[in-house]
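[1] Let's see this in three dimensions:
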Amino acid sequence: MTVLFGKMTMDWFEREGITVKFKKWISATAASLLLATTFVSTTPVAHADAKATTSIAEESIYDLLVDRFFNGSGTNDFDTNTQDPSKFAGGGFYRSTR
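    Predicted coordinates for the structure are as follows:
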C-alpha cells in the first residue's frame, strides 16, 4: 500500500477504522489539489500594453444641464423660482433621453 501522508497518519487511519477505499479517496483528493495548485501558481499573468492607455484629452465628457430642458413633471420641483433666470427652474432628464 502506498502511503501518501506518512506512517503516523496511516496509523491514525488504522486506529480509527477507516476503510481502504476512503484512504484511496483522500490520497487522490490530496494529489489532485496539489496538482491543481501547481498549475494555478505557474500560469503566466497577462500584463496590459503600455500603448493601451489613453489620455483624458481623447475622452468625451458630457455635462447635462437639466434646467435647460422641458420640465416633464412639476411634481419633483421644490423651491423653484421660474421668474429668476439665474436660479434653477425645474427641468428633468425625461425630454433629454427621448
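
[2] What's the local residue count around residue 35?
    Residues near residue 35, counting by other Cβ atoms under 10 Å, number 10. For glycine as for every other residue, the C-beta is placed from the backbone atoms N, C-alpha and C.

[3] so it is in which element?
    Element membership of residue 35 [criterion: DSSP states H and E] is helix 20-42.

[4] Quick one: list the elements packing against that helix.
    Judged by 3 or more Cβ pairs under 8 Å, 6 or more residues apart in numbering; DSSP states H and E, helix 20-42 is in contact with helix 7-16.

[5] So what's the model's average confidence on the helix it packs on?
    Helix 7-16 carries an average pLDDT of 62.

[6] cool, stretch 25-39 as well?
    So the average pLDDT for stretch 25-39 ends up being 82.

[7] before we move on, what about stretch 54-70?
    Per-residue scores along stretch 54-70 average to 72.

[8] ok, now stretch 84-93?
    Stretch 84-93 comes out at a mean pLDDT of 70.

[9] Relative to residue 27, how far out is residue 21?
    Note on residue 21: its distance to residue 27, by Cβ to Cβ, to the nearest Å, is 11 Å.

[10] Now do the SS call for residue 79.
    When classified by DSSP: H, G, I helix; E, B strand; the rest coil, residue 79 comes out as coil.

[11] what do you get for the one 5 residues further on?
    Secondary structure assignment for residue 84 (three-state DSSP): coil.

[12] Neighbours of it, how many?
    9.

[13] quick one: it from residue 56, how far?
    35 Å.

[14] And stretch 21-37, what's buried?
    residue 23 (16 or more other Cβ atoms under 10 Å).

[15] then it to PDB, C-alphas only?
    Provided in PDB are the C-alpha atoms of stretch 21-37 (Å, rounded to 0.1, in the frame of the first residue of the first chain):
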ATOM      1  CA  LYS A  21     -11.500   3.000  -0.200                       C
ATOM      2  CA  PHE A  22     -11.600   6.100   2.000                       C
ATOM      3  CA  LYS A  23      -7.800   6.200   2.300                       C
ATOM      4  CA  LYS A  24      -7.500   6.000  -1.500                       C
ATOM      5  CA  TRP A  25     -10.100   8.700  -1.900                       C
ATOM      6  CA  ILE A  26      -8.200  11.000   0.500                       C
ATOM      7  CA  SER A  27      -4.900  10.300  -1.300                       C
ATOM      8  CA  ALA A  28      -6.400  11.000  -4.700                       C
ATOM      9  CA  THR A  29      -8.100  14.200  -3.500                       C
ATOM     10  CA  ALA A  30      -4.800  15.500  -1.900                       C
ATOM     11  CA  ALA A  31      -2.900  14.600  -5.100                       C
ATOM     12  CA  SER A  32      -5.500  16.500  -7.200                       C
ATOM     13  CA  LEU A  33      -5.300  19.600  -5.000                       C
ATOM     14  CA  LEU A  34      -1.500  19.500  -5.100                       C
ATOM     15  CA  LEU A  35      -1.600  19.200  -8.900                       C
ATOM     16  CA  ALA A  36      -4.200  21.900  -9.300                       C
ATOM     17  CA  THR A  37      -2.300  24.400  -7.200                       C
END
